[in-house]
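In: coordinates only, sequence not included:
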């Protein structure tokens, strides 16, 4: 079911093996789908941070939960910045299934002894390509926001307001040609939202 993610996940595991020295543990971990994996200028946005990007292409939230134990606990992260759910809905899954996957992931975070570190859930973005799914996206985001509010060390990063134009539609300049992945301007917007929570997440 998740076989096609294996090569990239094994690549991350190899990277983690190289980073197994104690002084390289305790970093901020980016985990989730390709929207995070492609945030190549993250180190420019946050030059003061030590981080590792373990997001993998095309990942669903369900796949993130599945591979969690192999990738995240070995890092002993000091915080997790997470983005996924987009592809689950794009694959036709209903919001309740995506919410179930989020619950599975959060349970795994707790069971791994990482429940006390900051966990930031970036809201599923209002993309051009998946604008027809916006009601389903909103449903998942609403539950995620509620769950993040229930714990002091969890954070919901609402990127919707700055990503919509004056008519309430996605801003085209924030996306690349596929209307799904972010342009540099899009990542600048995300960096501003994340920066507003930096003191509590990093």
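Out: Sure, I can see it. These numbers were taken from a predicted model, which means no experiment stands behind them.

In: pull the contacting residues for residue 162.
Out: Going by Cβ atoms under 8 Å, 6 or more residues apart in numbering, residue 162 touches 189, 192, 193. The C-beta positions use only the backbone N, C-alpha and C, and glycine is treated the same way.

In: adding pLDDT, write those residues out as a markdown table.
Out: Listed next are the contacts of residue 162 as a markdown table, based on pLDDT from 0 to 100:
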| residue | pLDDT |
| --- | --- |
| 189 | 98 |
| 192 | 98 |
| 193 | 98 |
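
In: what's the ChimeraX syntax to select whichever of the residues you listed are buried?
Out: One line in ChimeraX is enough to select the buried members of the contacts of residue 162, burial here meaning 16 or more other Cβ atoms under 10 Å:
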select :189,193
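
In: between the contacts of residue 162, which is nearest residue 93?
Out: Looking at the contacts of residue 162 and their distance to residue 93, the nearest is residue 193, at 25.6 Å (Cβ to Cβ).

In: which residues does the spatially most central residue of the chain form beta bridges with?
Out: Central residue of the chain (Cα atoms, centre = their mean): residue 83, 1.6 Å from the mean position. Beta-bridge partners of residue 83, counted by DSSP bridges, are residue 32.

In: looks like it contacts residue 35 (just checking).
Out: Yes: counting by Cβ atoms under 8 Å, residue 35 is a contact partner of residue 83 at 5.6 Å.

In: many thanks, have a good one.
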